[in-house]
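J.: Sequence first, then the predicted structure:
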Amino acid sequence: MSQRTLVLLKPDAVRRGLVGTILSRYEAKGLTIVAMEHRTIDAAFADRHYAEHVGKGFYAGLRDFVTSGPMVSLVLEGDEAVEIVRALNGATDGRKAAPGTIRGDHSISNQQNLVHGSDSPESAEREIAIWFPGL
């Protein structure tokens, strides 16, 4: 079943010049880029995206990080896109992510972990509406 998911290449991925490397992993798996934008977000936008985390102890650091520089936001489409992207991304904690995953190969942090992928089709729909309201 074809579906769409939101992916964010976070400021650390952009700063480290990993955008092309990461995008090629998604494309090599057969996912199609439907929309893509390079942008820096402010705290209010971060709060909308991460609404379920606002107020949690770790959130202030996460908000500071995601607003620290430009990101690449994109919508990917393909068969079981949500599940495929999450598998390619690897465990949230880059220190524990399996080799062969994006985080396992390139991240050594729990918070500065290169990428975000929607965690469910419902989250993907909500997140895509925030980042790409015209889709």
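T.: Arrived safely.

J.: Need the phi and psi values for His49.
T.: As for His49, its main-chain torsions (degrees, to the nearest 10) stand at phi -70, psi -50.

J.: tell me the secondary structure for the closest residue to it other than its chain neighbours?
T.: In space, and not counting its chain neighbours, His49 is closest to Ile130: 5.7 Å by Cβ to Cβ, 6 or more residues apart in numbering. Yep, even glycine has a C-beta here, placed from its N, CA and C like the rest. Secondary structure for Ile130, judged by DSSP: H, G, I helix; E, B strand; the rest coil, is helix.

J.: after the helix or strand hosting Ile84 comes which helix or strand?
T.: Assessed by DSSP states H and E, Ile84 sits inside helix 81-89. Next along the chain after helix 81-89, taking DSSP H and E as the criterion, comes helix 102-106.

J.: what's the next secondary structure element after that following helix?
T.: strand 115-117.

J.: chain center to that next one, what's the gap?
T.: The chain centre lies 2 Å from the centre of strand 115-117; the measure is Cα atoms, centre = their mean, to the nearest Å.

J.: List the neighbouring strands of that strand plus their orientation.
T.: Strand 115-117 has the following sheet partners, assigned by DSSP bridges: strand 2-9 (antiparallel).
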